[in-house]
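Peer 1: based on what follows, work out the 3D shape:
(chains A and B)
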Amino acid sequence: MRLEAIANPSAVRRLGLPALALVLTMGVAMALALVAGANPLAVLGQIATGALGSKLAILETLNRATPLIFTGLAVAVAFRAKLWNIGAEAQLYAGAIVAVVLGTGALGSPLVLPVSAAVAMLAGALLLLGPVLLKTRLGVDEVVTTLLLNFIMLLFVSYLLEGPMKDPGGMGWPKSTPLIPEARLPRIVEGLRLHWGFALAILAAVVVWVIQTRTTLGFEIRAVGQNPEAARFAGMPVNAVLVKTALLSGGLAALAGWSEVAGLKGHLSSDLSPGFGYTGIIVAMLALLHPLGVILTAIFVAGIFVGSDAMSRAAGVPTYIADMLMATALLFMVLAILLTRVRVVRG
Amino acid sequence: MNAVVDILISASFWAAVIRIASPLILATMGELICERAGVLNLGIEGIMVIGAFAGWMAVYQGLPLWGGVAVAMAAGMLFGLLHSTLTVPFGLSQHVVGLGVTLLATSSASFAYRLMLPEVTSPPKIAPFQPLHVPGLSDLPWLGEALSQTALTWAAFAMAGLVAFMLYRTPLGLAVRAVGENPAAVEAQGLSVTGLRMGAVIAGSGLMAVGGAFLTLSAFSSFFFEMVNGRGWICIALVVFGAWRPGKAVLGAILFAAFDALQIRLQQTPLGAALPYQLFLALPFILSILALILMSRRAEVPAALMVPYNKGER
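Peer 2: Numbers count the residues shown, from 1 in each chain, chains lettered A, B, ... in the order given. Alright, predicted model coming up:
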């Protein structure tokens, strides 16, 4: 077999195939439910109601989506330039550390929130700067360096939580001292458990969208991603564009950790992120790397995770079904997107 | 300093080095085969997890230990088939597909674990491989203790030799290396680029899974969710460090294992008590990054690595 480009893919092809990918993922969900000895349709229903069935469930889904929007944007921005930032997990923790360092009394109101957000972004940006400079200067693959940094960062967090940041009142649990009230992100509506981090995430998506569609940098990022040689030939500073992309991407990922600490948890612990950095890759790919699409896919992915937790308690299907479905959706989706552009021919 | 020397001359230290190096050697050989054929396999981390789980579960269900190794290898090859189908004939991004395979394999292991053992709080143990008694060798002073290793360790080193022989001394190995350098030339010879690359990825993934199974069947006798803990990513660094050559990659794995075994022992010295233990645990990852930087200037990377091949183009 070989692949042949399609000159003008039809709308049915461009929309139908990604939709088919999601339908096939649902099919896999039902198959896994059967394997687990549960009723497939009931399992799908329980995931849906667990994610969206009540006001509480919807708020939980939106809360879970907040860090995923940030990490999804971080990945979308980087992947657009073919910069493979797999280190969003580490950058997330960099932002979370800053939220604790500046939010436990070092700064007072009204400075603390804006300053700690800005410093958090800077920390995440700097963390990605290293791997990117290694890539542009020495040709070291950034996939491996960013992946390895995730492990180093988690150990660093563990050290901080058992040492300098340890909460004396933590009863032996490795968690940081709690943030002062002025350093906490308030709720959007009093009485509803949804913090301003969610609104900030939406705003970030809009800003990234404006950067990508209305600025020179956005144009350069796309050009570098599509063909770095051509971009270089056209006189674009390819390495400088990659560095700028990295700073933006690392900063966005750091906001995920910053908002989880300042908005949701109020302290840092080593289980702050159940892999939000890695899930951000799925969020970004499902959104076809579109910043506004990231909002929708982050809510979708968050809903699957929140809904699966609820379903697991009711139906007894292991909650890891959510991780399997997301990985499956990712693989189906990249194949579906390819097949919107090419067809398979014999020979 | 004396403490370090004492550690370095002890036979138990070298026994640990060889033991720690074994899973790294198996998985690194797997990745090396994939990359020499032109395919970066980032599924390695997840494939090691599924290998660790499948091998352990098979033995727990009553298969003999070598049966567990075979099951692990089959599971790895299955994920290799998935990876190579998407990356070779379809030419999809090896980065995205590899990470997807890692996520799918890891979550499959977790899902299957919970499904098969819904109630347990700590995973059951199996009877793992025991150190082999080699007549003559095992009775030697010092060397006997250092080489007191399980059959799976001996198999890992033998496998590295086999991979080197296959790559450099057989027509198949020549074809695999050629397909990673110049696939069009291989196609012109009447060989199938798709077949060679898919075969390399499937075989390599099988080896990665056996590397994972080493952890449950030879090293720890039980399965934990976090047990692979970045070893797959370290193996990717080892392939680069070894300049895509089996012999150098084995030396790299041994060097790496020596640092790992040393840091475990240094933690128990006064120096170790003064420093946070997390620093020691981070050492393997820091070393991997340093190795990548050190080797970055050498241009021995297969020319067609990460370049998909579509017949009829160019």
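Peer 1: residue A:229 - how many residues pack around it?
Peer 2: Residues lying near residue A:229 (other C-beta atoms under 10 Å in any protein chain shown) number 8. For glycine as for every other residue, the C-beta is placed from the backbone atoms N, C-alpha and C.
Peer 1: quick one: the helix ranked longest in chain B near chain A?
Peer 2: The residue-count maximum for a helix in chain B (DSSP state H) belongs to helix B:11-36. No. Helix B:11-36 lies out of reach of chain A by C-beta under 8 Å from any C-beta of the partner chain, never closer than 11.1 Å.
Peer 1: what residues of that helix count as buried?
Peer 2: For helix B:11-36, the neighbour count (16 or more other C-beta atoms under 10 Å in any protein chain shown) marks B:13-36 as buried.
Peer 1: repeat that for stretch B:123-141.
Peer 2: Result for stretch B:123-141 [16+ other C-beta under 10 Å]: buried residues B:123, B:126, B:128, B:129, B:131.
Peer 1: hang on, the earlier thing: packing partners of the longest helix of chain B?
Peer 2: helix B:44-60, helix B:143-146, helix B:151-169, helix B:171-181, helix B:193-214, helix B:231-241, helix B:246-266 (3 or more C-beta pairs under 8 Å, 6 or more residues apart in numbering or on different chains; DSSP states H and E).
Peer 1: check those for me: which has the lowest mean pLDDT.
Peer 2: When those are compared on mean pLDDT, helix B:143-146 scores lowest, with a mean of 88.
Peer 1: still on that earlier bit, now do the longest helix of chain B and helix B:193-214, the angle between them.
Peer 2: On the basis of axes from the mean of the first three to the mean of the last three C-alpha atoms, to 10 degrees, helix B:11-36 is oriented at 160 degrees to helix B:193-214.
Peer 1: run the chain-centre distance for helix B:11-36.
Peer 2: Relative to its chain's centre, helix B:11-36 lies at 6 Å (C-alpha atoms, centre = their mean, to the nearest Å).
Peer 1: with stretch A:232-247 instead?
Peer 2: With C-alpha atoms, centre = their mean, you get 23 Å for stretch A:232-247.
Peer 1: low-confidence stretches in chain A?
Peer 2: Applying pLDDT under 70 to chain A flags the ranges A:347.
Peer 1: what segments of it are strands?
Peer 2: A:2-5, A:342-345 (DSSP state E).
Peer 1: burial of residue A:181, as a residue count?
Peer 2: So residue A:181, with other C-beta under 10 Å, has 10 neighbours.
Peer 1: then residue B:5?
Peer 2: 9.
Peer 1: could you find the closest non-adjacent residue to residue 96?
Peer 2: Since no chain was named, I'll use chain A. Nearest residue to residue A:96, sequence neighbours excluded (C-beta to C-beta, 6 or more residues apart in numbering or on different chains): residue A:257, at 3.3 Å.
Peer 1: sorry, I should have been clearer: chain B.
Peer 2: residue A:334 (5.5 Å).
Peer 1: also residue B:77?
Peer 2: Distances taken as C-beta to C-beta, 6+ apart place residue B:206 nearest to residue B:77, at 4.4 Å, with adjacent residues excluded.
Peer 1: give me the distance between the one you found and residue B:170.
Peer 2: Distance of residue B:206 to residue B:170, given as C-beta to C-beta, to the nearest Å: 18 Å.
Peer 1: again with residue A:15
Peer 2: 49 Å.
Peer 1: residue B:214 too?
Peer 2: 26 Å.
Peer 1: between the two, tell me which one has more neighbours.
Peer 2: residue B:214 (31 against 11).
Peer 1: which residues touch the nearest residue to that one once chain neighbours are set aside?
Peer 2: Nearest non-adjacent residue to residue B:214, counting by C-beta to C-beta, 6+ apart: residue B:23, 4.0 Å away. Contacts were defined as C-beta atoms under 8 Å, 6 or more residues apart in numbering or on different chains; by that measure residue B:23 touches B:48, B:156, B:211, B:212, B:214, B:215, B:219, B:231.
Peer 1: and the gap between residue B:128 and chain A?
Peer 2: Separation of residue B:128 from chain A (C-beta to the nearest C-beta, to the nearest Å): 26 Å.
Peer 1: for the buried residues of stretch B:123-141, which one is nearest residue B:3?
Peer 2: residue B:131 (26.7 Å; C-beta to C-beta).
Peer 1: surely the closest one touches residue B:152?
Peer 2: No. Using C-beta atoms under 8 Å, residue B:131 is not in contact with residue B:152; the gap is 10.6 Å.
Peer 1: would CSV of the buried residues of stretch B:123-141 with pLDDT and secondary structure be doable?
Peer 2: Formatted as CSV, the buried residues of stretch B:123-141 follow (pLDDT from 0 to 100; DSSP: H, G, I helix; E, B strand; the rest coil):
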residue, pLDDT, secondary structure
B:123, 91, coil
B:126, 95, coil
B:128, 94, coil
B:129, 95, coil
B:131, 92, strand
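Peer 1: of these, which pair is most distant in space?
Peer 2: B:123 and B:131 (23.1 Å).
Peer 1: which residues of the stretch 151-300 of chain A lie near chain B?
Peer 2: A:151, A:152, A:155, A:156, A:158, A:159, A:162, A:163, A:278, A:281, A:282, A:285.
Peer 1: looking at these, which are in helices?
Peer 2: A:151, A:152, A:155, A:156, A:158, A:159, A:162, A:278, A:281, A:282, A:285.
Peer 1: buried among those? Make that a ChimeraX selection.
Peer 2: Entered in ChimeraX, the line below selects the buried ones among these, by 16+ other C-beta under 10 Å:
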select /A:151,152,155,156,158,159,278,281,282,285
